[in-house]
Every structure is written in structure tokens, then in C-alpha cells.
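Asker: pasting the sequence and the predicted model now:
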Amino acid sequence: MKKWQKIVGGMLVLAALIGAVAYIFRTDLILWGVKNRDAPEIIAQTPEINWQPGPQTAKVPKDQRPPNVILILADDLGINDISTFGGGVAAGLVPTPNIDRIAAEGVNFTNGYAGNATCAPSRAMLMTGRYPISTGYEFTPAPSGMGRVVSSVSGDIRPDLPSGNYDSDADAQSPEYEQQGLPSEEITLAEMLAPAGYHSVHVGKWHMGLSPEMDPLGQGFDETLTMSEGLYLPEDDPNVVNAKVDFDPIDRFLWASQRFAGTFNRSEPFAPGGYLTDWWTQESLEAIEANKNRPFFLYLGHWAPHTPLQATREDYEAVGDIKPHRLRVYAAMIRALDRSVGQILDKLEEEGLANNTMVIFSSDNGAANGRGGSNSPLRGWKHTLYEGGIRVPLIVRWPEGGVKAGRVDEESVLNICDF
């Protein structure tokens, strides 16, 4: 009997030790489970993106056509992350001359507001001209498991914040992630422009549903190069510099769950052709080239500078010795975003489209707390309805539309489409 008592006692001690270790490393174990989720690891190689060609020659002179529309929307960009507002990221160490160029050649709405303090509802309002409460699309959908995991680990990572309550019953009753989006009966800007002969192209982030009736093609766009996972480059790519924000539960989840993948017109996921910000820009230039002889609407939904923080090594070296490391990576991401804007503007000049193209630049909400962005001098961050969460850059250039260069408008303006 004593022998068995010793064995049982030893097993209990071992179980207690395993339990203690599991408790100490519970956050890492939860995130390890996310990283090793049951998902296919094979991502197809990068295909050639063939944009639908427009007419070889313009049927109507460029100055007599309806204006082209280019909407460039950043993600989680702080009001003071661009130098237009007198500051800039990293206390002005990294200027944004190309974004500033839109303001210098157009109008800068210094009191511009997003439709929401978080991604998806803000984007839906911009696409529909309707308040989120009117469409029923009021909250940002999260990938499968995110709510459960973030609420589980947030207390360990950020004990200074209020604890999150995970409602497993509500989660179980929610539609699948792909079905959580803007209702298909809502009329989008792309659908409004179609009768006027516009060809609409979406590139980048969507975040308004991925089912056939809710994705860009289902909501009126003719073509879409869509982000399907959240890495800008593979984590181990020799050309990438990563910055993990370990005290941010959402950042920890994204690093554990996301891969480097995209789709084109509902294709199977494939590896993008380079660093997302740069690759999406190059494909946008190709889309402009394909549509230069007809009215077009290009919605370039950048992921930058949203976490996970990843920059190219070239941009990281170019911004200089900024401290801390995550701020330097963030600043490098802003440099890439500004370069994207410059390349779009240069392409319009090259094709003779600049005068009759409306270029709109904005952000879906303010900068997120702790990742490097600046909403200074405003109070609050993304997710809050303080000024820092909803005040965003809003600048527009349209020479032939009567938008005077260098105009500054201090009236409160909402970045909502008014049909």
C-alpha cells in the first residue's frame, strides 16, 4: 500500500508542477495554440495580376470626362503622424512630403473626422454615406478566436486595463467571420458610380465582409486585390524588420495568427509579390495604367501603419537611429506609406490625369495606443471617442473641380460620402 501511496503522491506532485508551469506560461500556451491552429499552411505562389484593360484610346477627351476618383485610406494613422499638421512621426524626424503635397495642391480639412473610432464601421460609412447605426454595421468583426484569446491573455499582459468579459454564448451565435460585414442591400460608392460608366478597383484592406455578397465584388467593385492575412512580409524574410509590442494583446494575437497572403478576384490565397505597402502601390499603378482612357474609381485601402509592425530594412535604415525600436519601425512604415502616395501622384502626372482626378487621403481612425503613432495634442486613441480616436487627416486635391491649392478649411468635416 505504501508503494502505491508513494506513486500516487509523486504523480500528484508532478501534476501540481505541470499545473504551476502551465499557469505561469498560460499566455504563451494560449498563443501557441493560436499559432498552431488547424489551417492550411500552403500558400500559392504569387500570380501575375492581370487588370481588365480599358479602351485603347479615350472616347472622350480627358478634360471632358467625369473625374477619376482615388481614395487612399490609411489604417490607424495618427493626426500628427504626417508633417502637414506641423509635427510628424517621431517628433518630426520623418517628414511626409508626398502626403503634404496633396494638401499643398488642394484643401486640408484640419478638423476632419472619421465615422468611427475603429476600422470596419468607419470604412463602411465612407463607402455608403450612412452612419453605422443606420446600416447595423456598428462594430469591427474579429477573426475567429480573437475575442476569446484576447480576453484570456489581456489580464496578464495589461493588468492596468479593465478586464475583458468574453461571452462564449454570444460568440457561438455570431455568424462566421466571413459573414460579418456590411449588409449587401446597402449601396456603396462603387455601385453609385457604375451607371456613370466608372470602372471600380479595390486594392488592399476591405474588412467589410468576405462572403460573395459582402466582399468588394459583391459590393460593386469590378476587380479586387484583397488582403486576406495580416503580415506585410513573412516574419523571417531577410528584408523585413519586425517590432513586436508584447504589452498589446491584439498585437500578440496578430503575430500568432496571421500569415502573408492575399487574393485576387476571389482566388485561392497566394503570397503577395512583396512588402504589402509597396506591392499594393505597384499594382495600383498598373490599375491606373489599364484604366487611363475611361473614368475609374480606385480605392487603395492601405494596412499601414496598423500592427503587426513590419518595415523593409531599407526604410528602417533610412529613417535613422530612432528610439525605441518599435517607433523606428513605425516611422519606417510611415515613410513607405508616404512613398506610395508620391508614386500615385507621379503616375497621374505621367498619364496626364492629375487635373481631372480627385485624390482623397484620410485614415479610418486615430493612432492606436503604444505602437508609435501620435494623436498629439489630442486626447485619446483608437477605440475611444475622444478627439484622438476620431480626428483624422482629411485632405483632397482636384484642380479641375475648383479645389484651390493650399486651402485650409477649419470647419468640422466628416469623411462620409454624400450622394
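Answerer: Thanks, I have it. In this text, all values refer to a predicted model and were calculated from it rather than measured experimentally. Residues are numbered from 1 along each chain as shown.

Asker: helices along the stretch 101-250 of the chain, start to end?
Answerer: In the stretch 101-250 of the chain, the helices defined using DSSP state H, counting those that start in this stretch lie at 119-128, 132-135, 146-157, 168-173, 189-193, 249-257.

Asker: so which residues of the chain form strands?
Answerer: In order along the chain, the chain carries the following strands (DSSP state E): 68-74, 107-113, 199-204, 223-227, 240-243, 262-264, 296-301, 309-312, 357-363, 394-397, 407-414.

Asker: report all helices and strands that the last one contacts.
Answerer: Applying 3 or more Cβ pairs under 8 Å, 6 or more residues apart in numbering; DSSP states H and E, we find strand 407-414 packed against strand 107-113. For every residue, glycine as well, the C-beta is placed using N, CA and C.

Asker: so what touches the strand it packs on?
Answerer: Applying Cβ atoms under 8 Å, 6 or more residues apart in numbering, the contact partners of strand 107-113 are 84-85, 362, 390-397, 403-404, 407-415.

Asker: switch the cut-off to 7 Å
Answerer: Residues outside strand 107-113 that contact it (Cβ atoms under 7 Å, 6 or more residues apart in numbering) are 84, 362, 390-396, 403, 407-415.

Asker: next one: stretch 200-215
Answerer: Residues from elsewhere that reach stretch 200-215, judged by Cβ under 7 Å, 6+ apart: 75, 119-120, 123-124, 178-182, 184, 190, 193, 216, 218, 220-227, 280, 283-284, 287, 296-303.

Asker: contact partners for the residue most central in space within the chain?
Answerer: Geometric centre of the chain, nearest residue: residue 303, 2.9 Å, by Cα atoms, centre = their mean. Residues in contact with residue 303, defined by Cβ under 7 Å, 6+ apart, are 75, 204, 205, 227, 276.

Asker: tell me how far it lies from residue 281.
Answerer: To residue 281, residue 303 is 12 Å away according to Cβ to Cβ, to the nearest Å.

Asker: tell me the gap between stretch 317-336 and the middle of its chain.
Answerer: With Cα atoms, centre = their mean, to the nearest Å as the basis, the distance from the averaged C-alpha position of stretch 317-336 to the chain average is 19 Å.

Asker: coming back round to it: give me the buried subset of the contacts of stretch 200-215.
Answerer: For the contacts of stretch 200-215, burial is judged from neighbour counts taken by 16 or more other Cβ atoms under 10 Å, and it is met by 75, 119-120, 123-124, 180-182, 190, 193, 216, 218, 220-227, 280, 283-284, 287, 296-303.

Asker: which among the contacts of strand 107-113 end up buried?
Answerer: For the contacts of strand 107-113, a neighbour count by 16+ other Cβ under 10 Å gives the buried set as 84, 362, 390, 391, 392, 393, 394, 395, 396, 414, 415.

Asker: tell me how many other residues surround residue 324.
Answerer: Taking other Cβ atoms under 10 Å as the neighbour definition, residue 324 ends up with a count of 10.

Asker: give me phi/psi at it?
Answerer: Note on residue 324: its backbone torsions stand at phi -80, psi 180 [degrees, to the nearest 10].

Asker: if we can go back for a sec, tell me which of the helices of the stretch 101-250 of the chain sits nearest to residue 47.
Answerer: For the helices of the stretch 101-250 of the chain, proximity to residue 47 was assessed by Cβ to Cβ; helix 189-193 is nearest, at 23.5 Å.

Asker: hang on, the earlier thing: how about the strands of the chain in JSON lines, adding mean pLDDT?
Answerer: Converted to JSON lines, those look like this (pLDDT from 0 to 100):
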{"stretch": "strand 68-74", "mean pLDDT": "98"}
{"stretch": "strand 107-113", "mean pLDDT": "95"}
{"stretch": "strand 199-204", "mean pLDDT": "98"}
{"stretch": "strand 223-227", "mean pLDDT": "97"}
{"stretch": "strand 240-243", "mean pLDDT": "98"}
{"stretch": "strand 262-264", "mean pLDDT": "96"}
{"stretch": "strand 296-301", "mean pLDDT": "98"}
{"stretch": "strand 309-312", "mean pLDDT": "98"}
{"stretch": "strand 357-363", "mean pLDDT": "97"}
{"stretch": "strand 394-397", "mean pLDDT": "96"}
{"stretch": "strand 407-414", "mean pLDDT": "91"}
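
Asker: minimum distance to residue 272: which of these has it?
Answerer: Using Cβ to Cβ as the measure, strand 262-264 is the one of the strands of the chain that comes nearest residue 272, at 4.8 Å.

Asker: buried ones in the closest one?
Answerer: Buried residues in strand 262-264, defined by neighbour count with 16+ other Cβ under 10 Å: 262, 263, 264.

Asker: so what touches that strand?
Answerer: Looking at what lies outside strand 262-264 - Cβ under 7 Å, 6+ apart - the contacts are 47, 49, 225, 226, 227, 228, 269, 270, 272.

Asker: closest one to residue 99 out of those residues, please.
Answerer: For these, the residue nearest residue 99 by Cβ to Cβ is residue 227; the value is 21.2 Å.

Asker: tell me who's in contact with the closest one.
Answerer: With contacts defined as Cβ under 7 Å, 6+ apart, residue 227 is in contact with 204, 205, 262, 303.

Asker: list just the nearest of those to residue 94.
Answerer: Proximity to residue 94 was ranked across these by Cβ to Cβ; first place goes to residue 303, at 18.5 Å.
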